Structures are given as structure tokens and as C-alpha cells.
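A.B. asks: Any chance you could fold what I've pasted below:
(chains A and B)
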Amino acid sequence: MKLKTDRANLHQATSKLLSIVPPKTTLPILSNVLFELENEKLSLKVTDLDVSMTVTLDVDAQKSGSIAVPARVFYEIVRELPDFELEISTYENRMEIKCGSGVYKVSGFSAEDFPKLPDIHFARQVKMDGAALTRMIKKASFAVSKDETRPALNGVFWHTSEAGLSLVATDGHRLAKISRTDMKITGYTKDIIVPPKVLDNLVKLLGEEPGEVGIIVNESSIVFIMENTVLTSRLLEGPYPNYDQVIPKDNNKTLTIERELLNAAVRRVAILSNSLTHQVKFSLKADHLELLATNFDLGGEAKESLKVQYKSEDMEIGYNANYVLDILKQADGDDVVFELNTPTTAAIIKSAKIEDKESYFFLVMPLRLLD
Amino acid sequence: MKHIKVLPEGLIDRIAAGEVIENPASVVKELIENSLDASAANIDVSVKGGGKEEILIVDDGEGIPKDQVETAFMRHATSKIKSWEDLLRAFSMGFRGEALPSISSVSIMELNTCYEGEKVGSAIRFEGGKQVHFGPAPPKLGCSFSIRNLFYNVPARRKFLKSDSSEKRRISEIIRRYAIARHDVGFKLSHDGKNEASFPVSDNLLRRLEDIWGSKVSGDLLKIEVEEQGPVRVYGYISKPEMSRGNRSEIFFFVNSRPVLEKAMFGAVYASYSSRLDPGRYPYAAVFIDIEPTFVDINVHPAKTEVRFADERFVFVTLKKALDKTLSIPVGLNLKTSLPARTISFEDARRELFENLSQKEIAYPPVIREADEPSYAPRESRAYDPGTDISSSFQIFDTYIIIRRNGELIILDQHTAHERILFEKNLKSFDEQGSPSQKLLFEERVKLTPEESELTDQLSDLLNKAGFEIRRFGADEVIISGIPQELSRGEPGGVLKKLISNYSAYRREGQDIKRAVAAALACRGAVKAGQRLSDPEMKGLYLNLLACSEPYRCPHGRPTMAVMNRDDLEKIFKRK
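C.D. replies: Alright, predicted model coming up:
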């Protein structure tokens, strides 16, 4: 393999790839980046066996070939080199990088040793708006469970129907659901569960290169295609819990409150909440909300009174402050609406602002209050 | 000198009964074996008062012909073997001919039976071993045994029977064991008129195991690769390593379909799982070994739960091989790729990754045990003030926290230290108002074993105070709708089961119920060895530990901290 290319080009590409390379692995080949040069195109590939990324660059190709070299070392070399043209060549299983007055050599592996990544049928991709998809992912993925005993909850559930695309995530204590009517997956339309690692990386990449993203869903994997970058991930196995049946239908008490006001008050009160449960009590009276927290260990007590819109009977509900704050961070608009029923059933939290093509809501389960 | 006399017949029977019949459960066991030998398709067991009041066992087997009914109650009368050669080949369950006379000598026992083809059945009644009635009965095919007032004439025995609920639990364990052994037979158990368990006739073992363990466990069972070596054949089901539990009570062995307890077989299971499970975790297993009867001695003890293999080593090796083969399937990795020979496939790569990982876990740094503690053991005599000068703290092996404080070096075991903190907090909250409960979005229905189910009932008050919200759903299932916040990461059913099995372990150590639940909760909620902690977390752990009333030991006695001072160091380096 022999090629010439611009340093900045390669630097940017390898820095993207590093987020996939597993920091610790017992399978040494996975800490490598695979170079494949063919038809003026250089593909750089990394994988942790769950998520894979391929970045393709136009280079001045002189001789096709391939090699896998340690990704982090390669990245550090390229990062420190001056901004001149790079010449990269391989000799047996060694790579040589020439730049200006410097020559760097590093041993690698044959491409044969690198795990083979699944082939991608680009023709099957469905185009989606990157910015809208990013919004959806952000609004759902905070609720993904981190508990590994229930693997299906460790991902974001994608549901495609006539009505469009919905993303759902839950950890069994709270749930987020966001839908868009103008997005649809075609081809493979069964429900899938996508692990968060690939989604985090996708959000990051779309932030750097906004625009459209192509999506291909298979039975066991999902592929995201951007201009120069392809991300692939294994899907999680279901079944995903039947979340529809836990969405309350009869929450007829509504509490409307300025979002930023509530956010700031909960944050303050939570400082003196129990350090394990983070319990904050919401005490509701007509057009009035009181937030209370106590911490016996500190002998601490906190109270905030807020003006709200609330017309139903008095009620006291306990919530984990962190759950409420996570949700307030994701809701848009000036006001949020809590739809409530009883102190022991799920609350629905929404933005008061209603969008045209996008709709979302969050569920949070209360803490059982002590008398 | 006292006269030596031959004991009267009744007394001999009563002494012998002690060997076969220990408690109501052993009566149930003997009579179930009789029913199975009589080719029963359904066996209904109903008991009253834990079986101490009454045991009723009804089967639809072939029954006993009228002219043999009386013989059946004679000692060593059996239809199953005639000679020594037969004993070596004993395939049937009960063969010693001890069960019926033994039971009848220590109870009020009645049998109604009708043999196939007879127009009138027979009824026979014994009181304390004496036949008091023998006559006709309605012609209902099969046998119906009623045993009342067990041990009424052996007060010493009767005194040692446990509470109704404990005896009931033993009986239901026996029935579960036979229900696994013979999935082709239907079993039912009711206690004081309430249905306790019902296992309908099933055409396959897996279905039966689902009835026993619930669909969650049965969905995670692996079929043992049938292994046949000479006279030995191994088959059955074992759980994937991910589906494990905190005690060994759900590991069942069967030799020629007879439930047995056998060390070599346990050994093989432990050996196969040892690299795949954390210490203290055990799988679910129903392991069957069919072996030519001449290679096994089942006549070791009247209760017949022990067997002796002619070649124990051979059985061990064969069993282990079968289990290893079953467990070495890469579970849950379904990515299919067709690859040229030289490249690493995803499966291979991932398998290698996981196998290496699990090997690494075995080589994990050993936990400090009392025996290998060096001279710097914790000084319990001195009370510690936390001090203000806690300078650097760091973690080694992601398990121990090292803190320098006022010229001393303090080493904490993060797990035991956190356990102690949570333990005291839990005790406090039991005495006070309780802990809040995180309500669950998805209520979870959990199938419990009879033991778990009984303990859940016994502990319901404390579990509620601890933050669980649990309600009954039928005889052996509960619905969990809320769990303690500190345990909220984790699948609720698993959390409950683990807690109950921890509780059983602590209870055996003689702790009172409140402390046992508090300790079990603490163990479950505490940070584990191998978890990385941030600096404030480490210091918080240390300060909270010192605020405890007994900071130096975890609730079950392991040390939480060791202190090294200048003296200790100087001794090590021979400056002193």
C-alpha cells in the first residue's frame, strides 16, 4: 500500500474513529484501525464487535493494499506531525509514515486478522433529516436503563408504523417517547432496539457534519450512512416491554408551570434531599406548588413555594429529583405540563408547546411517600 | 444381669420406622414412590396441619389385588424384587418393602384400593401397626392412602416435628423433586384445603420445568447435549450462567429417574460452572443420569436418596463433559456472517473476548481473609475520630480504598464498608418510619419457589418497611410494584429472590429476623468489588463508616478496615 494525503484530513478522520476503539480489550486486534486502499479511496475501519465505524477519504493512491495498525498510536503521530503532506507506505506488516523531515515506522497486523465487517447494501438506505433525528435521540436516550440485568432496556426502542417513527426508552422508573410523522423506515419495518453507544456517536457525528443521514435496518444490525462516515451497530434482542399499557389514559389533573422556574427550584431543594433516594415532595394546592425535601443525616430541610396553574384537589407526591431534572432538561418551551392522577401512579410530563410533526412526552413513577 | 429378650414385633416395626419415616414428607415420598411403581398417571396429595394431622394420597395406578392387601403391610413384603439378582437390577422406586409396615406402625393408616378387573375394592385400616379392619370398599381403581396422627404413639418423634409451614415446605419440596423426575405424571398438592401446587401431565421435561421454575427461568435453560459413555447416559436441562441464584437449592439430580443427592454429581456441576459464575452463585439444573442398574447401588440407606456408583470417577467425568459441552455454546450471540477461513468471525472474536474476560475474573485479587491478614489487623479497642486531615485517598484493584490520615494508613474494603453503613441505616429505618419505595412503571410478576414464597410472606412487614411493594398473585407468584431506591438498579424479581436467599443464609447464622433482612438488603445494595469510585465517594464512604456504631466489621463479620501506623511499617522494614 502506498498513498499521499493531507495531514489535517487524516487527523480529523482518526479522531472520529477513536471513540469506537475499545480502551481496554483482551482481543488486541480491536485496538487497531484497518487501512484499506482501493480506487483512490482510503477506508479506515474500527470495531469493538458491537459498533463499527468506517471513514472514507479521497487520497492520492499509488498502490492498493491494506494493513491494520494501532489506532491510538497512529492518531497521536498524526496529531503531532506538522501540516505537510503525508506519505504512507507499507512493507510487509510495517507501516511507514513520512512527513517533512520525519519518518515513523510502526508494526501492524495483516488485514486478514481484522474482524470482517458485514457488507452494506447502500441502495437500501432511507434518508432522514439529521437534525430532527438528533433531537429525537437526545429526547429519548437519557431514559435508557444502565442496569445490565435487563438487556432489552439498555437500548432505544424504534417503532415504525403508518403514523411515522417513534423512539422510546425506559429504565422501568421513567419513560420517554418521541414520535415524528414525517420520518419512516422502509424495507425492514419490524421494531428494533438500538444500543446507546452507536446513537451517542451518531449524535456527535451529526453535530460535526450536519445534513441528511441514510439508515438501513436489518434483522440484527442498523447502519447509519453520512457523507464520509458509516456507523454500524448490532441490535439488542427483545422483547421490549409493552410500554403502551403503562401509559396512563385517565390522568385528568393538570399542573402547568414555568419550566425554568421549576428546574431551578428542584435543583435547590434537592441539595437537602435524602442522599440515597433524592426524594422531593410535591405538595399541590389550588394554583400553588410547594417543594419539600428533608435529609435526616444533615438535619436539613428545604422548602420552595411556586405559583402554578392547578385546579384539582390537594395532593402530595414524591419524586426522585434527578428523574424530574432529567426530564425538564429535555422538555422544550417556556411551560411544562404535568398530567397527574394519584400519588402512586405515573405522571405524564409534556411541553406546553405543541409542534406540528413532532410529539413527545415523558412518564415518571413516584416514590411512595412516608407519613 | 438383665435378661436378653427378643423384642415384640410391634416395637421392632416402630424402631425400623424411624429409619424410613422421619417426618410427614418422608411418608409422602414413600407413598409417591409406591404410586409411581403402580404406574399411576396422576397423584394427588392433600395434607392437613403440615401433614401431622392427615396425609391423603390418591393415585390412579393399578391398585392392589384383594388377596395381597394384607401381605402388602407385612415387613419386607414387596412386589418388586424376589431375589438378590433383582435387587441389583432394581429399576423400580420402592423395593425394600419397608414403607407400608413402617408407616402403619406409627400412625392411623387406611388404604382403599381396587385392582384392575376386580368388582369390589378392599379397605384396610391399621392403628399403631395393628390391623383393626379389613373389608370391601367401592371399586375405585388405584390406591387411596390416608395417614392420620403420624407418630401419635412415638411422642419423642412427634415432639421433633417442625411447624406446620416448615413440614408443608418439606412436602412440597418432595413433590417438586418427583415432579421433575417424572414429567409424564401429574402431581397436585393441597394444604388445609388450599391448592399449593399443580403440575399437569406433560409430554416434555421442559414444559414441566417451566411449571416448576416459571417461564423466565425456563426460557434461559440449555438442553444438555446427550452424552453416552458405556453404561452411562446424561441428559436434562441446566440454566445459562446468566440465570443463576444465591443458593444450590434448585439443582436436582436423578439417577434412573430417582431423585438423589450425590456429591460427585454436585462436584461436576460446580466444576463446569466455576469459571462461568461468580463465587456463591449457583445454576438451576435438572440433571438425569441413566445408568445400567448393575453399575449403581441404590440400597445404601432406607431413604434411598444416596446412591453409590461402581465407578464414581467415570460418572463425574462423563457428566462434566456433557455440561461443559452444553455450556460452551456462545450464548446470545446470533450475529451470522459467512467468512473466509482466515478471518476472525464476529462470533469467534466475541467468544474469545468473553472467555478471556471470565478467566480474568477468576484471577481476581483474593479478598482479605482473617487467616492471611498480616500483623496490621484492625484495632478494635481504639475508637476513631474521623479527623479533619484526610489527605490523599486512592483505590487499588478497584476494591480496596487506601486513605492517609494523621500519619496512619487506612485500608478499606469498599464492599464490606458500604455494607456496614447500609446495614445500620436499614436497622434504623426499620425502627423508624421505613424507607421510601420507588414505584415501578412495569409491575413484575415473579414465580417463587415454595420456600421463597413462604419467606416472602413471613417477611412481608419488613420488606414493606424496606421499600418493597409486593402483593400475592396466586399460590406461588407475587407482583412487585415498588422496590427500595438503593436496589432500584436491577431486575426487581432477581433483587427479591437474591434478598430472600441471602436472608436464609444469615438466618442460619442465628441472626434475628430484623438484622438478617437489614444485612441481606445491605449486601445487595453495597458497591461491589471491582467498581471504580470517585474521590468524594471514597472519602464519603470512610466518613460514613466511622459514623457507624460498629464500624470495624461488616454485618456478617468480615473486617471493613485495616490500619497501619508508623510502628507497623517500621516492623516490616526491620527498623525496630
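
A.B. asks: Could you pull out the strands in the stretch 151-300 of chain A for me?
C.D. replies: Taking DSSP state E, counting those that start in this stretch as the test, the strands found in the stretch 151-300 of chain A are A:156-161, A:164-170, A:174-180, A:192-194, A:212-217, A:221-225, A:229-234, A:253-258, A:279-285, A:288-295, A:300-307.

A.B. asks: With distance to chain B and mean neighbour count added, can I get those strands in TSV?
C.D. replies: Just so you know, the C-beta spots here come from the backbone N, C-alpha and C atoms, and that holds for glycine as well. What follows is these, written out as TSV (distance: least, Cβ to the nearest Cβ, whole Å; neighbours: other Cβ atoms under 10 Å in any protein chain shown):
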stretch	distance to chain B	mean neighbour count
strand A:156-161	13	20
strand A:164-170	6	22
strand A:174-180	6	23
strand A:192-194	14	23
strand A:212-217	15	20
strand A:221-225	8	22
strand A:229-234	6	22
strand A:253-258	17	18
strand A:279-285	6	21
strand A:288-295	11	19
strand A:300-307	16	14
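
A.B. asks: how about these, which one is nearest B:D324?
C.D. replies: Nearest of the strands of the stretch 151-300 of chain A to B:D324, taken as Cβ to Cβ: strand A:229-234 at 27.1 Å.

A.B. asks: how far does the closest one sit from the chain's center?
C.D. replies: Remark: strand A:229-234 is offset 13 Å from the chain centroid, using Cα atoms, centre = their mean, to the nearest Å.

A.B. asks: Can you spell out which helices and strands pack onto that strand?
C.D. replies: Packed against strand A:229-234 by the contact rule (3 or more Cβ pairs under 8 Å, 6 or more residues apart in numbering or on different chains; DSSP states H and E) you find strand A:51-58, helix A:196-208, strand A:221-225.

A.B. asks: so which of the ones you listed is the most packed in?
C.D. replies: Using mean count of other Cβ atoms under 10 Å in any protein chain shown, the stretch among those with the largest mean neighbour count is strand A:221-225, at a mean of 22.

A.B. asks: Could you export the helices and strands packed on strand A:229-234 as TSV, including distance to A:R267 and mean pLDDT?
C.D. replies: Shown next, in TSV, are those (distance: least, Cβ to Cβ, whole Å; pLDDT from 0 to 100):
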stretch	distance to A:R267	mean pLDDT
strand A:51-58	34	94
helix A:196-208	25	92
strand A:221-225	35	94
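
A.B. asks: Which residues of the stretch 401-550 of chain B lie near chain A?
C.D. replies: Within reach of chain A by Cβ under 8 Å from any Cβ of the partner chain, the stretch 401-550 of chain B has these residues: B:433-442, B:467, B:469, B:482, B:485-486, B:488-492, B:494.

A.B. asks: Would you mind checking these for buried ones?
C.D. replies: B:434-442, B:467, B:469, B:482, B:485-486, B:488-492, B:494 (16 or more other Cβ atoms under 10 Å in any protein chain shown).

A.B. asks: where do the helices sit along the stretch 351-500 of chain B?
C.D. replies: B:414-431, B:450-458, B:460-466, B:492-508 (DSSP state H, counting those that start in this stretch).

A.B. asks: Can you pull out the low-pLDDT segments for chain A?
C.D. replies: Filtered on pLDDT under 70, chain A yields the residue ranges A:370-371.

A.B. asks: can you list the domains in it?
C.D. replies: A:2-113, A:122-244, A:248-364 (automatic domain parsing).

A.B. asks: which residues sit in contact with the residue nearest to the spatial centre of chain B?
C.D. replies: In chain B, the C-alpha nearest the mean C-alpha coordinate belongs to B:S249, at 1.3 Å (Cα atoms, centre = their mean). Shown in contact with B:S249 (Cβ atoms under 8 Å, 6 or more residues apart in numbering or on different chains): B:T449, B:E451.

A.B. asks: can you tell me which helix or strand it belongs to?
C.D. replies: When elements are assigned from DSSP states H and E, B:S249 belongs to no helix and no strand.

A.B. asks: With the one 4 residues further on instead?
C.D. replies: Element membership for B:F253, per DSSP H and E: strand B:251-255.

A.B. asks: And that strand, what does it pack against?
C.D. replies: If contacts are counted by 3+ Cβ pairs under 8 Å, 6+ apart, strand B:251-255 sits against helix B:164-181, strand B:258-260, helix B:263-273, strand B:285-291.

A.B. asks: What are the contacting residues of that strand?
C.D. replies: Contacts for strand B:251-255 (Cβ under 8 Å, 6+ apart): B:177, B:180-181, B:236, B:259-262, B:265-266, B:269, B:282-291, B:296, B:298, B:307.

A.B. asks: Parallel or antiparallel, which strands does it pair with?
C.D. replies: Each strand paired with strand B:251-255, and its direction, by DSSP bridges: strand B:258-260 (antiparallel), strand B:285-291 (parallel).

A.B. asks: What average pLDDT does the first one get?
C.D. replies: Confidence over strand B:258-260 (mean pLDDT, whole number) is 86.

A.B. asks: Taking the stretch 101-250 of chain B, what residue is nearest to chain A?
C.D. replies: Residue nearest to chain A within the stretch 101-250 of chain B: B:E242 (8.5 Å; Cβ to the nearest Cβ).

A.B. asks: For that residue, which non-adjacent residue is closest in space?
C.D. replies: Nearest residue to B:E242, sequence neighbours excluded (Cβ to Cβ, 6 or more residues apart in numbering or on different chains): B:D220, at 6.6 Å.

A.B. asks: from what I can see that neighbour touches B:P241, true?
C.D. replies: No. Using Cβ atoms under 8 Å, B:D220 is not in contact with B:P241, being 9.5 Å away.

A.B. asks: By mean pLDDT, show me the worst of the helices and strands packed on strand B:251-255.
C.D. replies: Across the helices and strands packed on strand B:251-255, helix B:263-273 gives the lowest mean pLDDT, at a mean of 80.

A.B. asks: Tell me the buried residues in that helix?
C.D. replies: B:A264, B:M265, B:F266, B:A268, B:V269, B:S272, B:Y273.

A.B. asks: can you redo these as CSV with distance to chain A?
C.D. replies: Shown next, in CSV, are these (distance: Cβ to the nearest Cβ, whole Å):
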residue, distance to chain A
B:A264, 33
B:M265, 29
B:F266, 26
B:A268, 28
B:V269, 23
B:S272, 22
B:Y273, 18
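
A.B. asks: Can you give me the pLDDT of B:A90?
C.D. replies: If you check B:A90, the pLDDT there is 47.

A.B. asks: Repeat that for B:Y376.
C.D. replies: 35.

A.B. asks: same check, this time on B:E451
C.D. replies: On the pLDDT scale, B:E451 is placed at 83.

A.B. asks: repeat for B:E62
C.D. replies: On the pLDDT scale, B:E62 gets 87.

A.B. asks: That one falls within a strand, correct?
C.D. replies: No. Read with DSSP: H, G, I helix; E, B strand; the rest coil, B:E62 is coil and lies in no strand.

A.B. asks: List the residues that contact it.
C.D. replies: B:A38, B:S39, B:Y115, B:E116, B:L141, B:G142.

A.B. asks: OK, contacts around A:T186?
C.D. replies: By Cβ under 8 Å, 6+ apart, A:T186 lies in contact with A:V126.

A.B. asks: roughly how far apart are it and A:Y240?
C.D. replies: 21 Å (Cβ to Cβ, to the nearest Å).

A.B. asks: repeat for B:L455
C.D. replies: Look at B:L455 and A:Y240: by Cβ to Cβ, they are 32 Å apart.

A.B. asks: related to what we said a few turns ago, can you say which of the strands paired with strand B:251-255 is nearest to A:I192?
C.D. replies: Within the strands paired with strand B:251-255, the stretch nearest A:I192 is strand B:285-291; the backing value is 34.1 Å (Cβ to Cβ).

A.B. asks: Can you mark which positions in the closest one are buried?
C.D. replies: Across strand B:285-291, burial judged by 16+ other Cβ under 10 Å covers B:A285, B:A286, B:V287, B:F288, B:I289, B:I291.

A.B. asks: Pick out whichever of the residues you listed sits closest to chain A.
C.D. replies: Of these, the one sitting nearest to chain A (Cβ to the nearest Cβ) turns out to be B:A285, at 20.6 Å.
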